[in-house]
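got a predicted model here, sequence first, then my questions.
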Amino acid sequence: MSAAVTSLRNGWRGLAFIAIPVTAIAIFLFYPAALSIIGTLVRPKDGGGYTFSLQSYVFFFTDSYSLTNLGRTLWTTVVTLILLVAVNLPIALYMRFTKGPLATVIQALALFPMFVPGIIICYALIRYMGPNGWLQSLLALVGFHHYASPHLTPWGPVIGLIWDGMPLTLLILISGLSNISDASIEAARDVGAGRIRILVSIITPEITHSLLIVSALNFLGIFGQALMPFMLGPTNPEMMGPFMLRTFSSVRDPLQASTQATITFLICSLAGIAYVRSIARRPKEDRK
Amino acid sequence: MLRRDFLKYSAAGAGLLLAGPRVAFAAPGVLDIFFNSDTNVIDFWTQVVKPGFEAANPGVTLNLVPGGGGSGINTLADRAYAAFQAKKDPQVDMLEAAAPFYPAGSLAAGLWVDFAKAGLANYEKVNPVVVQSPALLPYRGSQVVLMYNAEKVKDVPTTFAGLVAWIKANPNQFAYSRPDLGDSGACFIERALQEVTGQKPELFLPENYTEDYAKPMFEKLWPLLKDIQPALFNGGEYTSGNTASIQLLASGAVTMTVAWSDMALQAMSQGVVPDTTAVAQLQDLAFTGGFSGIIVPSVAANKDMALKLADYLISPEVQNHVVTDLGGFPGIKWEFMSKELQEKFAKVAPKSIPIFPSNWEPSLFEAWYRNVASDIKR
């Protein structure tokens, strides 16, 4: 049997193998999402029939309230992303270059949030950092009385989201760092490179890909978050997650809610494209 | 796409997901009852209603399911309406603390059972002042009250104007919840709306809402709420619900808040708030209260048994427990209650409870977010 026929049969077999999940995605994801997006653009006319209208988008982009909410969502996402990397990169570097029981303990601590449901984290954080909470009491014990709780301020969701995003960020950064061979670092050291030089010239280029993945995945996770901003954040401006929920269930305006969802989806798809491109480019680079 | 189409499709989607496993387990004699109320009410049903009804009706089981809050209950109502139009089993026998006004048009179409015509033996005992619609059977009432630390508040306000003055005189010591998340917060802004329109609850009726009628009245409300904002907890932080408000009071972060009478009484009896906690009601015009009722889809598979349960709910036997075990108001006239309770509650027995119509709320709450909650500078 020729190689071409084998590969063709494998191709068909492969397609059959993925047919069911792909169909499920099409039916349960793409079809309702497309319906919802089309519903924001094609509106029924008074006398029957349909007409194309951008009215709901015009409303969103001329409504300062909606725009402020979008702005707050972007702010929270970017600030959380920067802090996530700033917190996790040193831990990842430490764990890449240190072995021993202490490193294991630190890893376990850092991955712990993965096993705690978000709602529990929210209540725990409120108890801990909220008004008259443990943190305030502890600080008062040592004579510090100017504590202002971040609960219900824009920093509340940022803290919750960092808690929530740590394990994923750390795991991806560690896996990126593990690609760097000890030999290349030793070689650099042999020719007299210092620590900073090694970090800039050897480590940084190797983890750019991981940083891109971390940023894209966290962007998707943070941007659409509803729970943390809802439980820990201020009443106003709202993040898009609680804003969409409220518009749909409390304001009972499905059209505007779908419009907000479509805009959120378009912004998140930018991060999605960055992620997919990053994944797709990787094997090509490896093959070189 | 039409709003109703959207709801129909989303309801059909939710229906498909929910229908799968339930078909296999559905059994005759199992009543599926979905709750919109908090766990204290489900506890009450578990401990009082369920054992009593099941003992009187051998072979019947009450399946008590938390409905997942307002939007969850709305989804179930959407599903029931879709099933009604398709002449299928809605797989819902009763919705608790839901209103028959949603989805739009369902009441007129005949989705919900008309209790006045359903032949319930106890129906004539129902207190007519608490009936909003014959399709809604009120079985427990509660009222929003001021909940405060009596050690710190010696003269508790008795009028809304007095409350406003107290809030301004005691900055950072009062909090209310976001109206869409805690009904106590909703009642606070609704009472404020009644205040700025001259204490006339009769201005707000389920049938008279129009944007043109409501907007000028809403415009009068915002200056009052913005005026007190700087004196609220942390310069205008609104809690994320009834429980969160009570927690702020419990931790001593605020001295006074608004709370539902049943939740306040339960928190006090469980000791989650300090012993010095007390409740009070405004004397000029009480905070709005509400009667939670049950609704039954006319196409429910176990409709006859559900109606029997409805009749049991408004029996004096259960209604006495609503007062003693739940801290609620009865849905039936006080003359049918036990002699002991009649004497004990003679003075607080409400002749009427101001009710704020729920169809006014979406636009009021949305406008609150845009006009009151905005502009907080930190």
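Nice, I can see it. All values reported here derive from a predicted model rather than from experimental measurement. Residues are numbered from 1 along each chain as shown, chains lettered A, B, ... in the order given.

any idea how many residues pack against the residue of the stretch 101-250 of chain A found nearest chain B?
Using C-beta to the nearest C-beta, the closest approach of the stretch 101-250 of chain A to chain B is made by A:Ser249 at 3.5 Å. Heads up, the C-betas are built off the backbone N, CA and C, glycines and all. A:Ser249: 20 surrounding residues under other C-beta atoms under 10 Å in any protein chain shown.

apart from its neighbours in sequence, what residue is nearest it?
Distances taken as C-beta to C-beta, 6 or more residues apart in numbering or on different chains place B:Ser71 nearest to A:Ser249, at 3.5 Å, with adjacent residues excluded.

contacting residues for the one you found?
A:245, A:248-249 (C-beta atoms under 8 Å, 6 or more residues apart in numbering or on different chains).

please report how far B:Ala55 lies from B:Tyr312.
The gap separating B:Ala55 from B:Tyr312 is 11 Å, by C-beta to C-beta, to the nearest Å.

and the two? which has more neighbours close in?
Set side by side, B:Ala55 and B:Tyr312 show more neighbours around B:Tyr312, with 19 against 9, by other C-beta under 10 Å.

quick check: the more buried one vs B:Asp325, distance?
The value you get for B:Tyr312 to B:Asp325, if C-beta to C-beta is used, is 15 Å.

do the same with A:Pro157
39 Å.

ok, these two, which is more surrounded?
The residue with more neighbours, out of A:Pro157 and B:Asp325, is A:Pro157; 31 against 14, by other C-beta under 10 Å.

please, which helix or strand holds the more buried one?
A:Pro157 is part of helix A:155-177 when elements are defined by DSSP states H and E.

what about residue 83, helix or strand, and which?
Answering for chain A, as no chain was given. Counting by DSSP H and E, A:Leu83 is part of helix A:64-97.

actually, chain B is the one I wanted.
helix B:69-85.

let me see the contact set for B:Pro357.
Going by C-beta under 8 Å, 6+ apart, the list of residues near B:Pro357 reads B:132, B:204-206, B:209.

scan those and report the most crowded one.
In these, the most neighbours by other C-beta under 10 Å go to B:Phe204, 23 neighbours.

buried residues in the helix holding A:Pro157?
A:155-174, A:176-177 (16 or more other C-beta atoms under 10 Å in any protein chain shown).

tell me how many other residues surround residue 280.
You didn't pick a chain, so chain A it is. There are 9 residues near A:Ala280, going by other C-beta under 10 Å.

to clarify, I was referring to chain B.
B:Ala280 has 16 nearby residues by other C-beta under 10 Å.

ok, B:Gln319 next?
Neighbour tally, B:Gln319, other C-beta under 10 Å: 27.

could I get whichever helix or strand it is part of in CSV with only the CA atoms?
Assigned by DSSP H and E, B:Gln319 belongs to helix B:316-326. C-alpha atoms of helix B:316-326 as CSV (Å, rounded to 0.1, in the frame of the first residue of the first chain):
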residue,chain,number,x,y,z
PRO,B,316,-54.4,27.7,59.4
GLU,B,317,-52.1,24.8,60.5
VAL,B,318,-49.2,25.8,58.2
GLN,B,319,-50.0,29.6,58.5
ASN,B,320,-49.5,29.4,62.3
HIS,B,321,-46.1,27.9,61.6
VAL,B,322,-45.2,30.7,59.1
VAL,B,323,-45.6,33.1,62.0
THR,B,324,-43.9,31.1,64.8
ASP,B,325,-41.1,29.3,62.8
LEU,B,326,-40.4,31.6,59.9
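
I'd say A:Met244 and A:Pro254 touch.
No - judged on C-beta atoms under 8 Å, A:Met244 makes no contact with A:Pro254 at a distance of 10.5 Å.

joint contacts of those two?
What both A:Met244 and A:Pro254 touch, as defined by C-beta under 8 Å, 6+ apart, is an empty set.

where in chain B is pLDDT low?
Counting by pLDDT under 70, chain B has low-confidence residues at B:1-27, B:344-353, B:374-378.

returning to that earlier point: tell me which strands and helices the helix holding A:Pro157 is in contact with?
With contacts defined as 3 or more C-beta pairs under 8 Å, 6 or more residues apart in numbering or on different chains; DSSP states H and E, helix A:155-177 has these neighbours: helix A:64-97, helix A:101-111, helix A:118-129, helix A:204-223, helix A:227-232.

kindly reformat those as CSV containing distance to A:Phe144.
Below are the helices and strands packed on helix A:155-177 laid out as CSV (distance: least, C-beta to C-beta, whole Å):
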stretch, distance to A:Phe144
helix A:64-97, 23
helix A:101-111, 25
helix A:118-129, 14
helix A:204-223, 31
helix A:227-232, 22
